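Undergrad: Take a look and give me a structure for this.
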Amino acid sequence: MIRIGRKRRAGRLAPTLLAGLAIAAASASAKAQQYIPPSPPETTLPLPTIGAAEAPGTAVVGGAPASAPAPAPLLAPEVQVVRFSLPEGVRVEMLAPATEALPPSDRADEYTFALKMGTGYRLKLTNLPNRPGAEIYPVIEVVGHLHRPVDIDPVKFPIRVLLRLEDIEDVVDTGRLVTHVIYLEEPENAIPVDLKRDEIPVATLNAAEDPLKVASALGRVMAVIRLGGRRPTPDELSVEANGGATFLPVGNTPCPFTVNGGDQCNVPCGPVRGTPPPRDRPWLPGDEYLCDGGDGGTPVHFGGDGGLRGIDPRDAVIKFRAEPKANFFPDRPRVLPTNRVCIYAPRFAAVRMGTGLNENKAVVGLRNAEYVARMDTATLKQGPIRVDQNQTAEMNRHRLRASGVLGRVYVGEHSELRVLSGYDTPTSISGYRIRQLAEISKTRQKVEANTTRIAAVTFNKPESVNVTGIVEGAGQMVMNWKPRETVGVEEPPAKPGLAVIKRVDATTAEPGDTVTFSITYRNMGNTPIGSVSIVDSLLPRLKYVANSGQGPKGAVFTAEENRVGSTELRWDLPGKVAPGEEGAVMFKAIVR
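TA: Numbers count the residues shown, from 1 in each chain. Purely as a prediction, here's the structure:
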C-alpha cells in the first residue's frame, strides 16, 4: 500500500462550490461556507482536490485541459471517415462516385476515405492472397454519423470496416454474397474482449436472420457493406458515379443529440436509443462516450444482512456511517454515489452473413466386403416328464363343550314422591323523606360615621421683596457591573456530511490506451465519519490493471469479477475521517 496523506484544513466553502459536491441528505450546515483547496498530499500520483462543479449523475468529459487545444480540421457533419482493415497485401480502390476531401491528418492513409451519408460507393479489391487475377467489387453505404467534439481529429475515430480472409474465400471460392452491418456498441452491453486498435468484434449470423435487425438491437447502425463476385457493367459504374446508387434509407427525423456548443444536431438520422435527459442537461450520445461512475440501473441499497445491493457495472458509490456523539445517537449507514466521468471512446462492431448456394460433397472409396455364413442345425430332444405327489389323509377335529349362561332378575319396587314447591320474593314499600327547615340569613351592620376635621389655615404673605437662592454643586454618579458568568454551553447538533468526486486523466481513448481514475472524498460535516467503503464496478470495456489500486494506509483493497466480465473494486478504509479531512483512492484501467 502507498500512503495517501490526509490533512485538515480550516475554512469555508463558497456557494458556487456546493453545486459540484455530492453531499448526503444530512450534510453540513445550510449556511454557505468558503472552502480553501488543500495542498496535494504526498503520493506517487497527483491527488485531485474537490473544487470542480460536478454533481451526482452529471456527465463530465475528462478533466480540464492545461491549455486550450488546437482546433481540429473541420468536416461536414454529413461526411464520415471510414477506414478499411484488410488482409495483408490486399489493395483497395474507390471507383465511383468521387469521395470527399479528407482533412490533413497524420493518420490518413490509402485505406481511409471520407464518404457522404446516404450514398453508395463502389470499391475494388485486388491482389487477393493466393488468388492471382481475382477481383472483388464491394459496395458500401454510410447510414449513421458520429458527434465528435471540436478538438478531436475526425480521422482518429473512423468508422472501422474489418474484412477478413474468410470473406474473400466465401466470395471468390464459393460465389456467396457476404453482407457486413457495422454498428456502434453500447458500452454497457459491449463484449469484454481485448482487441487491437484496428480490429472490431464480428459475429456471424445464419441465413435465417436479418443482419439489419440484429445490428439495430445491439447498437446504432453506422454502415452496410456488401461483397460479391459479380463485375459491375460500365452503365452501372456511370450511374454510381453520379451518386445514384442508394440501398438503405438514412432517415428524415432530426438527431436529438447535442453537438459542439450545446446546439442540437441537425443531421437526419434513424431511430435513436436511450432515454432523453432533463431539458437543462445536454443529451450526449451514450454509445460514443465511455462513462463510468454514478448510480445507474437498480438503485444502490442495503440488503437484510447490511451489505450493499444494486451495484451495477458502471456504478461508483461510497458507504459511510456517522460516529455517535453525546447528544447524538448512532447514525444509520448511508450510501452516496459519485459523479459520472466520460471519455470519448466509440467502439464499433459488426455482424456478417453469407448467402448463396450450399454444396455438400461426400467422397466414398471402393470397398470389398465378404460374408460367409454356415448353416446351423439345432436339435432339441425332450422326453416326457413324470411328476408324482404323495399326500396322506389328514383329520381335523374340533371339540366344543356345551356352556350355559344364567341371568337372574329380581322384582323390585320404585317409589318417588314429589311435592309442590314455591318461591316467594316479598317486596315491601319503602319511603324516603327529607325534612328541611326554613333558614334565615341575617346581616346586621351598624351605621358608621366618617368625620374629617380640617382646621382653618391662615396664610400670611408679607408685601416685602422675596429673594430665593439656588445653589448647585457638581454631581457624580458611579455605576458598577458585576462580570457575567456562563452557567452552561449547548453543544451544536451533529450534522454528518460527505462529498465525493470522481475524475479521469483523459478526455479521449482508443482500444489499448491506459487511463487513471481517482475518487476523492472529504468530510464536510461536524462529526467524525467511520465505516467508510468505496465501491467501483467497471464496464466491460474497462479492464482493471492488476496491482494498480491505491488507497490510504491500512485500507483493505479487494478486486473481484463482476457479472459483465470486468472487475468490481472495493476499498474498506480504516479508522475515522475527521471533520475537514479528505483522502483519495486511485486505479488504472485499459480501454478495450
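
Undergrad: For the chain, just list every one of the helices.
TA: Here the chain has its helices, by DSSP state H, at 15-18, 165-172, 211-218, 234-241.

Undergrad: most tightly surrounded among the ones you listed?
TA: helix 165-172 (a mean of 19; mean count of other CB atoms under 10 Å). C-beta coordinates here come from the backbone N, C-alpha and C atoms, glycine included.

Undergrad: Need the residues that contact that helix.
TA: Applying CB atoms under 8 Å, 6 or more residues apart in numbering, the external contacts of helix 165-172 come out as 87, 90, 125, 128-129, 131, 134, 136, 176-178, 180, 227-229, 352, 354, 356.

Undergrad: hmm, back to that, so which of the helices of the chain is nearest E582?
TA: With CB to CB, the closest approach to E582 among the helices of the chain belongs to helix 15-18: 13.5 Å.

Undergrad: Quick check: mean pLDDT of the closest one?
TA: On average, the pLDDT along helix 15-18 is 33.

Undergrad: Give me the below-cutoff pLDDT ranges for this protein.
TA: 1-73, 239-253, 260-262, 270-271, 273-274, 324-331, 357-383, 387-492 (pLDDT under 70).

Undergrad: Confirm for me that E110 is in contact with M94.
TA: No. Using CB atoms under 8 Å, E110 is not in contact with M94; the gap is 10.0 Å.

Undergrad: Who has more neighbours out of the two?
TA: M94 (15 against 10; other CB atoms under 10 Å).

Undergrad: And that one, how close does it get to Y121?
TA: Distance of M94 to Y121, computed by CB to CB, to the nearest Å: 6 Å.

Undergrad: Common neighbours of those two, please.
TA: Common neighbours of M94 and Y121 (CB under 8 Å, 6+ apart) are F113.

Undergrad: Show me the one of the helices of the chain that comes nearest D151.
TA: Of the helices of the chain, nearest to D151 by CB to CB is helix 15-18, at 25.7 Å.

Undergrad: ok, M586 touching D505?
TA: No. With contacts counted by CB under 8 Å, M586 stays clear of D505, the gap being 9.8 Å.

Undergrad: what about these two, which has more around it?
TA: More crowded of M586 and D505, by other CB under 10 Å: M586, with 23 against 18.

Undergrad: Identify the bridge partners of G219.
TA: Taking DSSP bridges, one finds E185 as the beta-bridge partners of G219.

Undergrad: residues in contact with it?
TA: 183-186, 189, 273, 287, 349.

Undergrad: now do 6 Å
TA: 183-186, 287 (CB atoms under 6 Å, 6 or more residues apart in numbering).

Undergrad: Can you give me the distance of it to N189?
TA: Counting by CB to CB, the gap from G219 to N189 is 8 Å.

Undergrad: now swap in G297 and tell me
TA: From G297 over to N189 (counting by CB to CB), the distance is 12 Å.

Undergrad: and if you look at G286?
TA: Distance from G286 to N189, by CB to CB: 11 Å.

Undergrad: more neighbours, these two?
TA: The neighbour count for G286 versus N189, taken as other CB under 10 Å, is higher for G286 (19 against 14).

Undergrad: backbone phi and psi for that one, please?
TA: phi -60, psi -20 (degrees, to the nearest 10).

Undergrad: and what of the one 10 residues further on?
TA: Taking degrees, to the nearest 10, you get phi -110, psi 160 for the backbone angles of G296.

Undergrad: For it, give me its contacts.
TA: Applying CB under 6 Å, 6+ apart, the residues contacting G296 are R314.

Undergrad: let's go with 10 Å and repeat that
TA: Residues in contact with G296 (CB atoms under 10 Å, 6 or more residues apart in numbering) are 57, 188, 312-315, 337, 340.

Undergrad: if we can go back for a sec, shared neighbours of G219 and N189, which are they?
TA: D287.

Undergrad: before we move on, the earlier item: sitting in strands, which of the contacts of helix 165-172 do you find?
TA: By the criterion of DSSP state E, membership of the contacts of helix 165-172 in strands covers 125, 177-178, 180, 227, 352, 354.

Undergrad: joint contacts of G297 and N189?
TA: P313.

Undergrad: Just give the number of residues close to E78.
TA: Count around E78 with other CB under 10 Å applied: 17.

Undergrad: these two touch, right, it and P268?
TA: Yes. Assessed by CB atoms under 10 Å, E78 is found in contact with P268 at 8.5 Å.

Undergrad: Once you drop chain neighbours, what's closest to I501?
TA: T520 (4.9 Å; CB to CB, 6 or more residues apart in numbering).

Undergrad: Correction: the previous question concerned S566.
TA: Nearest to S566 is L538, by CB to CB, 6+ apart, at 4.3 Å.

Undergrad: residues near the residue nearest to V259 when sequence neighbours are not counted, how many?
TA: In this structure, V259 finds its nearest non-sequential neighbour in C265, 4.9 Å apart by CB to CB, 6+ apart. Around C265 there are 18 other residues, counting by other CB under 10 Å.

Undergrad: and C265, backbone torsions?
TA: Residue torsions, per degrees, to the nearest 10, at C265 are phi -70, psi 130.

Undergrad: Isn't it up against L284?
TA: No. If you go by CB under 10 Å, C265 and L284 don't touch, sitting 11.1 Å apart.
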